[in-house]
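Asks: what's the 3D shape of this:
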Amino acid sequence: MGEAQLLTAVRSLRRGAWTEASMLGTSDAAKTAADRYCHLVRLVFEASGKIVLTSRDVDTLLNYSRWVRISLRMLAEDEIVPSIHGGSAESPILGLAEHMPSWLPTPIPPRWDEEETIDALTRSAARGNDGNSKGRAK
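Replies: Residues are numbered from 1 along each chain as shown. So this is what the prediction gives:
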């Protein structure tokens, strides 16, 4: 992806955080889902400025984006969002040592495995032939 395309994608995400997220509603669940979406946008923006992303960071971003998608779907279907308790941070941090595990929600929410098929193509595109993750400088 070229620099212009990358910046356009990040701008689109940011616009979504400012507009669509605010239209989710005013319930606690809607606010939580909007906060998760906004944090995902911040993480993507942070990652877009890195020359190389570690495989841990790529996995963390993909896992957190899956978490956000599930949160938004559950909000739309049942007006609830899955909660995190025990062992997991509410939101991930990029740039931790490669030996640290990738972020995962605890407990794993319903439909987590169903979402894996959506992530499979993105995950393989984010990896080079040698299995390392690639990123582009801004």
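Asks: Can you list the low-confidence ranges for the protein?
Replies: Within the chain, the segments meeting pLDDT under 70 span 1-7, 9-10, 14-22, 121-138.
Asks: how far away is the residue nearest the centre of it from Leu13?
Replies: Central residue of the chain (CA atoms, centre = their mean): Ser65, 2.5 Å from the mean position. Applying CB to CB, to the nearest Å, the value for Ser65 to Leu13 is 10 Å. In this view, the C-beta of every residue, glycine as well, is placed from N, C-alpha and C.
Asks: what is in contact with those two at once?
Replies: Leu40 (CB atoms under 8 Å, 6 or more residues apart in numbering).
Asks: Not including adjacent chain positions, what is the nearest residue to the residue nearest to the centre of the chain?
Replies: With CB to CB, 6 or more residues apart in numbering as the criterion, Ser65 has its nearest non-adjacent residue at 5.8 Å, and that residue is Leu40.
Asks: tell me the contacts of the one you found?
Replies: Leu13, Tyr64, Ser65, Val68.
Asks: The residues you listed: which two are farthest apart?
Replies: Using CB to CB, the pair of the contacts of Leu40 lying farthest apart is Leu13 and Tyr64, separated by 12.9 Å.
Asks: okay, whichever strand or helix holds the residue nearest to the centre of the chain in CSV with CA atoms only?
Replies: For Ser65, the enclosing helix or strand under DSSP states H and E is helix 55-78. Below are the C-alpha coordinates for helix 55-78, written out as CSV (Å, rounded to 0.1, in the frame of the first residue of the first chain):
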residue,chain,number,x,y,z
SER,A,55,4.5,-9.9,14.4
ARG,A,56,3.3,-9.4,17.9
ASP,A,57,2.0,-5.9,17.0
VAL,A,58,0.3,-7.2,13.9
ASP,A,59,-1.4,-10.0,15.9
THR,A,60,-2.4,-7.5,18.6
LEU,A,61,-3.9,-5.1,16.1
LEU,A,62,-5.8,-7.9,14.3
ASN,A,63,-7.0,-9.4,17.6
TYR,A,64,-8.1,-6.0,18.9
SER,A,65,-9.9,-5.2,15.6
ARG,A,66,-11.7,-8.5,15.9
TRP,A,67,-12.7,-7.6,19.4
VAL,A,68,-14.1,-4.3,18.2
ARG,A,69,-16.1,-5.9,15.4
ILE,A,70,-17.6,-8.4,17.8
SER,A,71,-18.4,-5.6,20.2
LEU,A,72,-20.2,-3.6,17.5
ARG,A,73,-22.1,-6.7,16.3
MET,A,74,-23.2,-7.6,19.8
LEU,A,75,-24.3,-4.0,20.4
ALA,A,76,-26.4,-4.0,17.2
GLU,A,77,-27.9,-7.4,17.9
ASP,A,78,-28.4,-7.4,21.7
